Structures are given as C-alpha cells and as structure tokens.
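Trainee: Sharing a model prediction with you, sequence too.
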Amino acid sequence: MECQDYALNRTLERENLNLNPLQRGGFLPLEARKALYEFSDGYSVCDYCSGRLDQVKKPSVAGFLDDLAQFLNVDAVRTVHGAREGKFAIMHAICQPGDTILVDGNAHYTTHLAAERNQLKLVEVPTSGHPEYKVEPESYREVLNQLHDQCEEPSLLVLTHVDGDYGNLTDSQGVGKIASEYGIPLLLNCAYSMGRMPIDAKKLKADFVVGSGHKSMAASGPIGVLGLKEEWADKVFKRSSTHSVKEVEMLGCTSRGAPLATLMASFPHIMERVGKWNQEVEKTRKFVAQMEKIGGISQIGVKPTDHDLVRFETSLFHQIAEKHPRRGFFLYEELKKRNIVGIKRGQTKWFKCSVYGFNSQQVEYITRSFQEIAEKHGH
Ligand SMILES: *Cc1c(COP(=O)(O)O)cnc(C)c1O
C-alpha cells in the first residue's frame, strides 16, 4: 500500500495574522517549542514515573501542579485531555445518571455532550437574547425555583466563564453565591479565560474549574486543567479498587508526553501574560471602536467587551457580498491578499475574531485593512 500525501506542512501561522479566537491563546512561546521537540517521543514524561503521572518528579509534574493549584487558588489540580474531559470527569464523579444539571444559555457544545454522555438531564438558564446574550445570576435562581416547584433538585450548576460565541464574561461570584445558598456545587468552565486572565477559583466561588491548554494556555495540547476544592477531592480523585494508586476518573493517567511538557514549559509565560490582561481588554475595546467607525459593523454581546473574543454583525460586508462576483468569498479573499486569516470562508453576515497577543502596529494594520476593503467597495 502507498500512502497519500497528508499535506503535513503549515505556514499559515508564520506568514499571516490569524484572527481566529480559537487559536490566539494557543500559540506556543519558544520555550514550549523546545519542550515540544524534547518530549516528542510517545511516553516521554514517563521515564521516572512510579505509578502516578501527577507525582512524577522529573520532569517536575508534581511541582508544576502545586504551582498551578496556587495560581488558580484551588486545593487540588490535575491535567486532563481538554476542558471537555474535565467537565465529563466532574459530572461523572458527582452526578448520577438521570440527575438534572443547570447550564447557561451560552454553554459550549462540549458541556452538552459531557452531560449527554453522563446521561444527565440538562436544563438551560436563558440569556437575555439579542444583542447582549447576557447571563444573569438571578436567572439561575429563577430556574432553580421553577425546578423546585416540580420537586427537582439539580446536582450541579455549570457556568461558562467566558463563552465562545460572544466573549461575554459572566458573574461567577453571583452564580456561586446562589449555588451555595441552594447547596449545589458550581462548575466554572474557564476554557476561554484560564491562561488569558487571572483566575481565583475561591474568589469566583467555584467548586470546580476547568481550563483548556490548547485554547488559552499556550500549550500544543490536547490538554486541559481540572481544579477543585478540597471537599470534592475524594469523589473526583477516587482511587481504583483494583489498582490502588490509580485514580478512576483519570483512567490512571491523562495527557502525557508533549502536550503536558508544552503546558509546563509555557507556565512562566502564562503567569506573566495574565498580568497584562487589562491591556488586552483595552486593546480589544479600541479595536472594536475602530471597526465600528467603518459603519455597518457592530459588536454584539456585552458592551464594552471584557474579553478579546468579539463577535461583529457586519451588514456592510453582507451588502457587498450580494453584488460581488465572488459573493461571500470576497471578504476572505481580500483579507488573505493582505495576509490576514481566521475569518471563515464565505461568511459575511457576522464573524468572530480576536486580536489577542498582537502588537499595536499589527492591530492598526488589521483595522486599516478592513477600512480599505470597505472603501474599495464604495463605502
Ligand atoms: C473551546 C471551548 C471548550 C473546549 O475545550 P477543549 O479543551 O478543546 O475541550 C469548552 N468550552 C468552551 C467555552 C470553549 O470555548
């Protein structure tokens, strides 16, 4: 048998400015690229393992997890394969099939799937709808009371800290207070926040936090982070009855080798960059203001934004597309000519983008490019 050419080459990130929010926080610093090379072989972190990945001393996985727990202000932390696996493990450990859980109306599909795989009944807490799609803590109370009237007591509340559709930062403290009034634990999904902005799980009143290494922590992944309060450790990190050192929900070991090595190598960079989060938000707000000045472009979601992921409704580009010979593809093609990528091909009614990590010259270049494209087409 002969193999096809799998096209395993990629220069996109080197040669273009990538506006895809999904990819802005997963870019590896040099230290992590070196670690990726050093640990590229299969079970490379397992040379000195005596049975537990989280206790490996060389490389110092154990030391890293201690630091990470402190960084997130949780009592214990493990790496998992991604935010979704973190959510699945928590639900699996603390809920029973048939239980009801509450999730916000902006929850990621992986929250829905983690619940489905655990055979949980999912009740959605509605958002304020267009154009803000805001999640209000009091809406959790309302849904909890409605359920209570039907004699249903949920076993878990899930809140998306920052959602991937609008980049709305939610009030975790507010939901956490309600959660503790009702005696229900709160799982905070920090896939879009952990590694970008400071996370203090206790201050945020979260019993559990999950993060995504490849989304927001400058790791190659797939890797995620699961942090929790001490009182849940016995349940979530329960040991196997047959292999007494192994943790069942982790299936013994989770993400090993290069994904873990890159997460560890990027950690000093992550600690430093979360300290500059306010600058990132300021930069994004300025970017939004410049984009809106063009006309026919408006940011939706909560305004002013508190996150780098922004969603624009772009009636301007949609109007152009209707008359353009390349139709909806014109925007992608005009941007690509200017070495800007990350906006979906063919899409002009709205798009999501992020300028996270770009310097001011790059952001200026990006806004100027959008202005030029508008002007070129008579706007
Ligand atoms: C990207 C994303 C996820 C999925 O993260 P993985 O680490 O790939 O599982 C989950 N939740 C939200 C809100 C996300 O944006």
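Mentor: Structure's in. What do you need? Residues are numbered from 1 along each chain as shown.
Trainee: Is residue 81 in contact with residue 255, as I believe?
Mentor: Yes: at 5.2 Å, residue 81 and residue 255 qualify as touching, with contact defined as CB atoms under 8 Å. For glycine as for every other residue, the C-beta is placed from the backbone atoms N, C-alpha and C.
Trainee: residues in the stretch 151-300 of the chain within reach of the ligand, list them.
Mentor: Contact residues (CB under 6 Å from any ligand atom) of the stretch 151-300 of the chain with the ligand: 160, 163-164, 189, 191-192, 212, 215, 224.
Trainee: thinking again about what came up before, so what sits against both of residue 81 and residue 255?
Mentor: The contact sets of residue 81 and residue 255 overlap at 222-224 (CB atoms under 8 Å, 6 or more residues apart in numbering).
Trainee: Narrow those residues to those in strands?
Mentor: Judged by DSSP state E, strands contain the following of these: residue 224.
Trainee: what's the closest of the shared contacts of residue 81 and residue 255 to the ligand?
Mentor: residue 224 (4.7 Å; CB to the nearest ligand atom).
Trainee: how many neighbours does the closest one have?
Mentor: 31 (other CB atoms under 10 Å).
Trainee: Next: residue 150.
Mentor: So residue 150, with other CB under 10 Å, has 8 neighbours.
Trainee: Please report the distance of it from residue 142.
Mentor: From residue 150 over to residue 142 the distance is 13 Å, taken as CB to CB, to the nearest Å.
Trainee: so what's residue 24 up against?
Mentor: 18, 308, 354-357.
Trainee: Looks like residue 32 contacts residue 266 (just checking).
Mentor: Yes: using CB under 8 Å, residue 32 is in contact with residue 266, at 4.5 Å.
Trainee: Need the overlap of contacts for the two.
Mentor: Contact with both residue 32 and residue 266 is made by residues 218-219, according to CB under 8 Å, 6+ apart.
Trainee: okay, among the contacts of residue 24, which ones form the most distant pair?
Mentor: For the contacts of residue 24, the maximum inter-member distance is 13.0 Å, found between 18 and 308 (CB to CB).
Trainee: more crowded one of those two?
Mentor: Neighbour totals were compared for residue 18 and residue 308, and residue 308 leads with 25 against 21 (other CB under 10 Å).
Trainee: Can you name the residues in contact with the helix or strand containing residue 102?
Mentor: Counting by DSSP states H and E, the element that carries residue 102 is strand 100-104. With contact meaning CB under 8 Å, 6+ apart, strand 100-104 is reached by 91, 95, 111-112, 115, 120-125, 127, 135, 140, 143-144, 147, 152-160, 163, 170.
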